[in-house]
Structure formats: structure tokens, C-alpha cells
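Trainee: Turn this into a structure:
(2 chains)
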Protein chains: 2
Amino acid sequence: MRRAPPGANYPLMANDALRAGEVAVPPPRAEDAGLVFIGRIRTPWTSRLDCPRQGRLDGPLCRLELDQPWAQALQGVEAYARLEVLYWLDRSRRDILLQSPKNDGSLHGAFSLRSPVRPNPIGTAIVALERVEGTTLLVRGLDCLDGTPLLDIKPDRPLFHPVAPAPPGETAHELDRPCPLAGGKAP
Amino acid sequence: MRRAPPGANYPLMANDALRAGEVAVPPPRAEDAGLVFIGRIRTPWTSRLDCPRQGRLDGPLCRLELDQPWAQALQGVEAYARLEVLYWLDRSRRDILLQSPKNDGSLHGAFSLRSPVRPNPIGTAIVALERVEGTTLLVRGLDCLDGTPLLDIKPDRPLFHPVAPAPPGETAHELDRPCPLAGGKAP
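Mentor: The predicted structure is shown next:
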């Protein structure tokens, strides 16, 4: 375990050094499963100093640029006004378990933050889909750096109505209830 | 590209074979980034035939069992009534781009479904946190198989108020607005 020296006063967000009180551990090798980058995300932000802390549905237009051979997997995506996007925070440390986002000595566990610094640096965002242009999706609501690798696109949970038949334990009545999570309705 | 023969009538969800009309591609090697499993999820479901199609906040109690060395990263997580959980759908094919969830010949792109079958089989769920017992979180809202590898835990987006200072382009006014996504309020 490494602990930053008390009183260490690193410039805010300007580098990857540990801040006062932060705790890092040497993590196990990250080889339990492998990811394939399915495309890239284009955003207006080229420095972590400029990135918003959370995306906003009325934020700037960003692009999800999908690589081949995934084009066919987009079929039907245009039906959803909101999508969940998963991406790989490729410029993040993965070893800091106790973090000080304010750099004031107060500490938060990585799992009680939505910080990009986490054992598996996967970001998730809900975005508004403006339009589809070939294999590019134009969306609003992201907060990540330009060039961030894209991992997955899913319909936003409250908008999605399962297509598969119900399993034995699930009744047709339950099928037709709107999702209880956010007052969503089927499209 | 492989395409299932028309009229092929595989038993519903009972195996991994392609269904009528489904389209799979040989995917690139999944080695762009590596994941570390941070624990395991315990649920009541041991067969895909029994899994609900979507989790419910009033569903059965499930356990997120976190491995060492991640325990410290839980600090502060008990403040959140709802958490976002990411997990690895380790028993899913990754190569089927056009899928037929009803097995009736109608086809949907993987990115317009919340199916476990996708190029990067990462599941996301919003769960209600009942309590924390050491390094185990007791939650409701999951839909995955017993033994599913755990990848990440984050505060639910609408409940989370960023701790880090605002970047230059973000005003204090924006800081204090509730998240526009789901009418959420800060805890």
C-alpha cells in the first residue's frame, strides 16, 4: 500500500500523482477478461482540466464513431431517444482506492465516487440521441475526453421493453408494467 | 459472416446456437484492454432459463461479494440508497450482431437490445442498497446468473453530486442543479 505524504500539495488534476492522504494498492494483473474497442468517441474536451464532471443532456454534440465490423449491430438503435454508452477511461490510474477529489485531505472510496479512477475504468453515460449518420451516432450527454475508446451502446433502461419471452417466474402482467426505476415508459 | 439457416428452430434460450436469421461475425481478438474481477455476485438464478429479463428494485435480495484488496474502496458507499453495478456476463457469446430474442425471425441489432450477447458483454444494473456487511453489499435489482464476476460499483448517477471542483467551463450555478436525467436530488 502506498500513501501520499501528509501535506503533499499536488496541482489540482494536473497530473497523476497521489494527493495528500490518498491510498493506492498494487492491483492484481487485469487479465480476467479482455475488451475490444468497438469505436472512438469524439468530444470537445482534449484535457482533463476541461472535462465536465458529469455529462448533461443539453451539453455539446459529440460523436460515437463505430468501427467495422459492428455496423449491423446498430439496427433499430434509432428508435431510442436515449442510449446508455459504455467507454474505456484509458488515461486513468486504476490503483487509487481512497481518493481526495477536492485535494483537501478528505477521502472517499472509489466505489462511492463516479471518478474515472477505479479498478476497471469503465465510464457509463446516458445520452440523448440526435441522429444516426451511417456508423456514427450524434449524441449529447458525455463527459469524456476526445478519443476515448467506445465499449458498448444499449437502449436506456427505462425506455427498453424486453423483446425476449418472459421466463417461468415472470408474469405477463409484470411484462407490461413500466420500469419502476425512473418512471419510464415503453417506446 | 455466419447466418443461421432459414427455418432453423432451436429450443428457446436453451443453448448458444444461432437462431433463424441471426447474424454473427468473427470478432477481432478482445485484447484492447484487460479487466480485473473485483468480486462475485450471488443471485438466486443458476440457469439462464430462470433469469429475469430486467432487474427490479423489489426483486430478491442478492449479494455483491467484494474481494480483497478492494475493501477500502467501499468507504462512503453506504450513503447511497441506489448504486450502479457493472458485471461481466461471462457465459455470453460476443459475436451475434443481429439477434432474434423471440426466435421468430424478427431481428434486432445488439446495440438496440439489452441482451447479454454483445461484443463486450458488460451488464449494468441500478440496485437498491439494503445494507453493507463487511465487504459484502446486500442489494435488490439484479438480473444476472449466480456467480457472475463483479466489475464496478458506482453511486447511482441522479444521486451523485460531484465532489471535485468545477472545471473552468462549469459554473457554480450548474453545480447545484439537480441532475436532469431522472429528477434526482443530491443525497
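Trainee: ok, which stretches of chain A are strands?
Mentor: Read by DSSP state E, chain A holds these strands, from start to end of the chain: A:2-3, A:23-24, A:33-35, A:39-42, A:61-66, A:82-88, A:96-99, A:108-109, A:122-133, A:136-140, A:148-155.
Trainee: what's the nearest residue to A:Asp67 if we skip its chain neighbours?
Mentor: Using C-beta to C-beta, 6 or more residues apart in numbering or on different chains and skipping the chain neighbours, the partner closest in space to A:Asp67 is A:Gly39 (4.9 Å). Every C-beta, even on glycine, is put in place using the N, C-alpha and C of the backbone.
Trainee: what's near enough to touch that neighbour?
Mentor: Counting by C-beta atoms under 8 Å, 6 or more residues apart in numbering or on different chains, A:Gly39 makes contact with A:Leu64, A:Glu65, A:Leu66, A:Asp67, A:Trp70, A:Thr135, A:Pro149, A:Leu150.
Trainee: Please dump the residues you listed into CSV; it should also carry pLDDT, neighbour count and distance to B:Pro44 for every row.
Mentor: Putting the contacts of A:Gly39 into CSV (pLDDT from 0 to 100; neighbours: other C-beta atoms under 10 Å in any protein chain shown; distance: C-beta to C-beta, whole Å) gives the following:
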residue, pLDDT, neighbour count, distance to B:Pro44
A:Leu64, 98, 26, 36
A:Glu65, 98, 15, 40
A:Leu66, 98, 21, 36
A:Asp67, 97, 14, 38
A:Trp70, 96, 23, 34
A:Thr135, 98, 16, 40
A:Pro149, 98, 18, 35
A:Leu150, 98, 22, 33
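Trainee: Low-confidence stretches in chain A?
Mentor: In the predicted model of chain A, residues A:1-15, A:171-187 satisfy pLDDT under 70.
Trainee: let's see it at 80
Mentor: Residues of chain A meeting the criterion pLDDT under 80: A:1-15, A:168-187.
Trainee: which residues touch A:Ser100?
Mentor: Residues in contact with A:Ser100 (C-beta under 8 Å, 6+ apart) are A:Arg19, A:Ala20, A:Gly21, A:Glu22, A:Ser106, A:Leu107, A:His108.
Trainee: Hmm, A:Leu89 is touching A:Thr124, no?
Mentor: No - taking contact to mean C-beta atoms under 8 Å, the distance of 10.6 Å between A:Leu89 and A:Thr124 leaves them out of contact.
Trainee: if we can go back for a sec, any idea how far B:Thr136 is from the residue nearest to A:Asp67?
Mentor: As for A:Gly39, its distance to B:Thr136 is 36 Å (criterion: C-beta to C-beta, to the nearest Å).
Trainee: related to what we said a few turns ago, farthest pair within the contacts of A:Gly39?
Mentor: When these are compared pair by pair using C-beta to C-beta, the farthest-apart members prove to be A:Thr135 and A:Pro149, with a separation of 15.4 Å.
Trainee: burial measure for A:Thr136, as a count.
Mentor: Using other C-beta atoms under 10 Å in any protein chain shown, A:Thr136 is surrounded by 15 other residues.
Trainee: who's it bridged to?
Mentor: A:Glu65, A:Glu133 (DSSP bridges).
Trainee: Does it touch A:Arg63 like I think?
Mentor: Yes - counting by C-beta under 8 Å, A:Thr136 touches A:Arg63, with 5.4 Å between them.
Trainee: Overlap of the contact sets of these two?
Mentor: Common neighbours of A:Thr136 and A:Arg63, using C-beta under 8 Å, 6+ apart, do not exist here.
Trainee: Which residue, other than its chain neighbours, is closest to A:Asp152?
Mentor: Leaving aside its sequence neighbours, A:Asp152 sits nearest to A:Leu86 (C-beta to C-beta, 6+ apart; 4.0 Å).
Trainee: What's opposite A:Pro149 in the beta bridge?
Mentor: Listed beta-bridge partners, A:Pro149: A:Arg40 (assigned using DSSP bridges).
Trainee: cool, the one 4 residues further on as well?
Mentor: Beta-bridge pairing of A:Ile153 under DSSP bridges involves A:Val85.
Trainee: Now do A:Ala164 against B:Tyr87, distance only.
Mentor: Here the criterion is C-beta to C-beta. By it, A:Ala164 lies 19 Å from B:Tyr87.
Trainee: Likewise for A:Asp50?
Mentor: Looking at A:Asp50 against B:Tyr87, where the rule is C-beta to C-beta, the gap reads 32 Å.
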